[in-house]
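# Sequence below, structure please.
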Amino acid sequence: MGKRKKRKGRSDEEVTEVVGVAWYTPEQWDRLREISSDADNLEDTYEEWKSSAENALITLSASGAIARKVAVDVEELLRWCNSKNRPVDGAARSEFAWEKLKEELDKTE
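Numbering: from 1, shown residues only. Below you'll find the model as predicted:
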């Protein structure tokens, strides 16, 4: 999952949290597990991961946040981690998804 960004809603007093959830494709799942230093913390199959991620979206939405899927290209994630000299782990995946979401949100403001 990504980090959170507060966005103004319909009035100046209304603030909504936007939360990014890294979203992978079935074709890239095995590669993600291959490059992740914490692969043992990831679900074994794409289907297991997708079910867990969908539940996270529901839980976040129920808490009042705007949960957004953030498409993550695994090779782009790997390049990003390498450029920052970071392992591909949960913290890096989360930060990468957050940066992608922030870029997307900044374009719409």
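# report the longest helix in this protein, please.
Using DSSP state H to define each element, the chain has its longest helix at helix 90-108.
# residue boundaries of the strands in the chain?
Using DSSP state E, the strands of the chain run over residues 4-8, 15-23, 66-71.
# Could you measure from Ile58 over to Leu42?
As defined by CB to CB, to the nearest Å, Ile58 lies at a distance of 20 Å from Leu42. (C-beta placed from N, C-alpha, C; glycine too.)
# So these two - more neighbours on which side?
Leu42 (17 against 11; other CB atoms under 10 Å).
# quick one: the closest residue in space to that one that isn't next to it in sequence and Thr45, what's the gap?
In space, and not counting its chain neighbours, Leu42 is closest to Arg33: 5.6 Å by CB to CB, 6 or more residues apart in numbering. Relative to Thr45, Arg33 is positioned 10 Å away (CB to CB).
# how deep is the nearest residue to Val74 once chain neighbours are set aside tucked in, by neighbour count?
In this structure, Val74 finds its nearest non-sequential neighbour in Gln28, 4.3 Å apart by CB to CB, 6+ apart. Gln28 has 15 neighbouring residues, counting by other CB under 10 Å.
# Just confirm Gln28 contacts Asp73, I think it does.
Yes: between Gln28 and Asp73 there is a contact under CB atoms under 8 Å: 7.3 Å.
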